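In: Output the structure for:
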Amino acid sequence: MADLYAGAPDARQAGDIKPSRFRPQYRALSDDEKALHGAIKAKAVEMEALFDQVKDGRYKSLAFTDLESSIMWIVKQLTA
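Out: Numbering: from 1, shown residues only. Down below sits the predicted model:
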C-alpha cells in the first residue's frame with residue numbers, strides 16, 4: 001500500500017474493472033466523489049456523537065446499527 005496516500009492507484013486499482021458486487025478491484029474516485037465521501041463520513045461522526053448523548057439501551061443499539069448500515073450502503077453506491 002505504498003501509493004495509498006500518494007494519490008496514485010495501487011494494485012487494488014487496475015485498468016478495466018468489471019462490475020461485481022464483490023468488488024475485487026476498486027475504481028479511482030474523482031475529487032468531487034472524494035469530497036462527498038468525506039462529507040458523508042463527517043456527518044456520520046456527527047450523528048454518532050448525538051446518538052451517544054442518549055441513554056444506553058436496545059433502541060440505541062439498533063439506531064447505531066442502522067446508521068452504520070446506511071453509511072455502508074450509500075458509500076457503496078457512491079463508489080460503484
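
In: residues in contact with the spatially closest residue to F64 that is not a sequence neighbour?
Out: Excluding its sequence neighbours, the residue lying closest to F64 (C-beta to C-beta, 6 or more residues apart in numbering) is F51, at 6.1 Å. In short, each C-beta sits where N, CA and C put it, glycine included. By C-beta atoms under 8 Å, 6 or more residues apart in numbering, the residues touching F51 are K60, A63, F64, L67.

In: Distance of the most far-flung residue of the chain relative to its centre relative to E33?
Out: In the chain, the residue that sits farthest from the middle, by C-alpha atoms, centre = their mean, is K55; the gap is 26.9 Å. The gap separating K55 from E33 is 37 Å, by C-beta to C-beta, to the nearest Å.

In: Next, please give the residue ranges for the helices of this structure.
Out: For the chain, the helices defined by DSSP state H cover 31-51, 58-78.

In: got CSV for the ones you listed, with mean pLDDT too?
Out: Formatted as CSV, those follow (pLDDT from 0 to 100):
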stretch, mean pLDDT
helix 31-51, 97
helix 58-78, 97
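
In: so which of those gets nearest P24?
Out: P24 lies closest, by C-beta to C-beta, to one member of the helices of the chain: helix 58-78, at 14.5 Å.

In: Now do that closest one against helix 31-51, angle only.
Out: Helix 58-78 and helix 31-51 are oriented at 180 degrees to each other (axes from the mean of the first three to the mean of the last three C-alpha atoms, to 10 degrees).

In: Contacts made by helix 58-78 with the rest, please.
Out: With C-beta under 8 Å, 6+ apart as the test, helix 58-78 has contacts from L29, E33, L36, H37, I40, K41, A44, M47, E48, F51, V54.

In: Would you check that the second one makes contact with T79?
Out: This points to E33. Yes. The criterion here is C-beta atoms under 8 Å, and E33 meets it with T79 at 7.4 Å.

In: count of neighbours near G57?
Out: A count of nearby residues for G57, using other C-beta atoms under 10 Å, gives 9.

In: ok, now which ones touch it?
Out: Not one residue lies near G57 by C-beta under 8 Å, 6+ apart.

In: re the thing from before, please tabulate the helices of the chain in a markdown table, including the columns distance to P24.
Out: Putting these into a markdown table (distance: least, C-beta to C-beta, whole Å) gives the following:
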| stretch | distance to P24 |
| --- | --- |
| helix 31-51 | 20 |
| helix 58-78 | 15 |
